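A.B. asks: Provide a 3D model corresponding to the input given below.
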Amino acid sequence: MKVKKILVSQPKPSSDKSPYFEIAEKHGVEIEFRPFIKVEGLTAKEFRQSKITITDFTAIIFTARTAIDHFFRLCDEMRVSIPDTMKYFCTTESIALYLQKYIVYRKRKIFHGTTGKLDGLLPALVKHNKEKYLYVVSDVHKDDTSMLDDNHINYTKAVMYRTVSNDFGPDEKFDYDMLLFFSPSGIASLLKNFPDFEQGEICIGVFGATTAKAVTDAGLRLDMEAPSVKAPSMTAALDLFLASHNK
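C.D. replies: Just a heads-up that it's a prediction; the model follows:
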């Protein structure tokens with residue numbers, strides 16, 4: 001069966017120049033964007049249950065812009081005043097620059113890594129090993145923090161936001177020939193929304209090994225996986241798949 005209608009489990013791209021739109025035109029398929037999951041912040045009441053006092057810390061670790069948003073939101077809701085001496089450690093420069101939304105960037109001590117992962121930030125953390133770090137995370141974070149323990153970094157994880165299923169409405173059509181997923185949470189949401197889901201001829205494509213494993217663990221058939229040598233991105237993989245599948 002040819003693929004005619006595809007569901008991409010992400011928000012619709014803000015730019016008209018997205019490769020998805022080019023693929024839709026090239027292969028004559030319809031592509032819809034509908035996140036299966038969404039991020040929501042903990043309430044101030046929920047966060048207080050962790051018994052964490054933000055002002056006890058001298059530095060913050062951020063690995064995502066979402067973490068920055070929810071950190072400052074909670075500080076605002078709890079009327080926590082962040083001292084000018086607070087240091088900020090971010091896994092990428094773009095995350096570090098995002099801090100400008102909330103603080104005067106040039107007046108703060110801000111550090112960032114180069115790899116986009118926690119290990120790229122390690123040299124800066126070790127150099128400032130006398131700091132007391134608050135590490136802002138989600139409820140389903142996957143970062144390996146053993147390197148922090150091995151280097152005797154004094155840190156405390158603080159869950160400030162969580163990933164939840166973005167439920168489908170009773171009148172919402174589900175008539176897709178292909179589903180694209182980017183995280184195991186998306187697969188969990190699919191099964192939560194449709195507990196009697198039968199794959200049949202519906203194709204499933206994923207990005208990342210952990211998402212691929214979630215598909216097979218759920219007893220579903222995996223039809224397309226990215227990244228690969230020939231297809232480093234989801235859109236590249238989709239382009240190749242449609243060229244082959246819709247012959």
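A.B. asks: check contacts around T211.
C.D. replies: 181-184, 186-187 (C-beta atoms under 8 Å, 6 or more residues apart in numbering). C-beta: built from backbone N, CA, C; applies to glycine.
A.B. asks: hang on, I meant R34
C.D. replies: Here R34 is in contact with 7-9, 166 (C-beta under 8 Å, 6+ apart).
A.B. asks: alpha carbons of the one helix or strand T66 maps to, as CSV, please.
C.D. replies: Under the criterion of DSSP states H and E, T66 resides in helix 65-77. The C-alpha trace of helix 65-77 is given here as CSV (Å, rounded to 0.1, in the frame of the first residue of the first chain):
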residue,chain,number,x,y,z
ARG,A,65,16.1,26.1,26.8
THR,A,66,13.0,24.5,28.3
ALA,A,67,14.9,24.0,31.5
ILE,A,68,15.7,27.8,31.5
ASP,A,69,12.1,28.7,30.9
HIS,A,70,10.8,26.6,33.8
PHE,A,71,13.6,27.5,36.2
PHE,A,72,12.9,31.3,35.9
ARG,A,73,9.1,30.7,35.8
LEU,A,74,9.3,28.8,39.1
CYS,A,75,11.6,31.4,40.6
ASP,A,76,9.0,34.1,39.7
GLU,A,77,6.1,32.1,41.0
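A.B. asks: what comes up buried for that helix?
C.D. replies: For helix 65-77, a neighbour-count test (16 or more other C-beta atoms under 10 Å) marks 65-75 as buried.
A.B. asks: list just the nearest of the contacts of R34 to P83.
C.D. replies: Nearest to P83 among the contacts of R34, counting by C-beta to C-beta, is N166 at 37.1 Å.
A.B. asks: what number of residues lie near that closest one?
C.D. replies: 17 (other C-beta atoms under 10 Å).
A.B. asks: that one touches A188, doesn't it?
C.D. replies: No: N166 lies out of contact with A188 (C-beta atoms under 8 Å); the separation is 11.5 Å.
A.B. asks: hey, where'd the helices end up in this protein?
C.D. replies: For the chain, the helices defined by DSSP state H occupy 19-27, 44-48, 65-77, 93-98, 118-127, 146-150, 184-193, 209-217, 234-245.
A.B. asks: from S189, how far off is the residue lying farthest from the centre of the chain?
C.D. replies: The C-alpha centroid of the chain is most remote from K247, which lies 34.0 Å away (C-alpha atoms, centre = their mean). Computed as C-beta to C-beta, to the nearest Å, the K247 to S189 distance reads 32 Å.
A.B. asks: please apply the same query to I6.
C.D. replies: 17 Å.
A.B. asks: same check, this time on V80
C.D. replies: 33 Å.
A.B. asks: tell me how many other residues crowd Q100.
C.D. replies: With other C-beta under 10 Å as criterion, Q100 counts 12.
A.B. asks: oh, that last question was meant for L240, not what I typed.
C.D. replies: 15.
A.B. asks: pretty sure it sits against P232.
C.D. replies: No: with contact defined as C-beta under 8 Å, L240 does not reach P232; the gap is 11.2 Å.
A.B. asks: can you pull the pLDDT of K107?
C.D. replies: pLDDT for K107: 67.
A.B. asks: revised request: answer the last question for K247.
C.D. replies: Per the predicted model, pLDDT is 86 at K247.
A.B. asks: now it: how far from M234?
C.D. replies: 21 Å.
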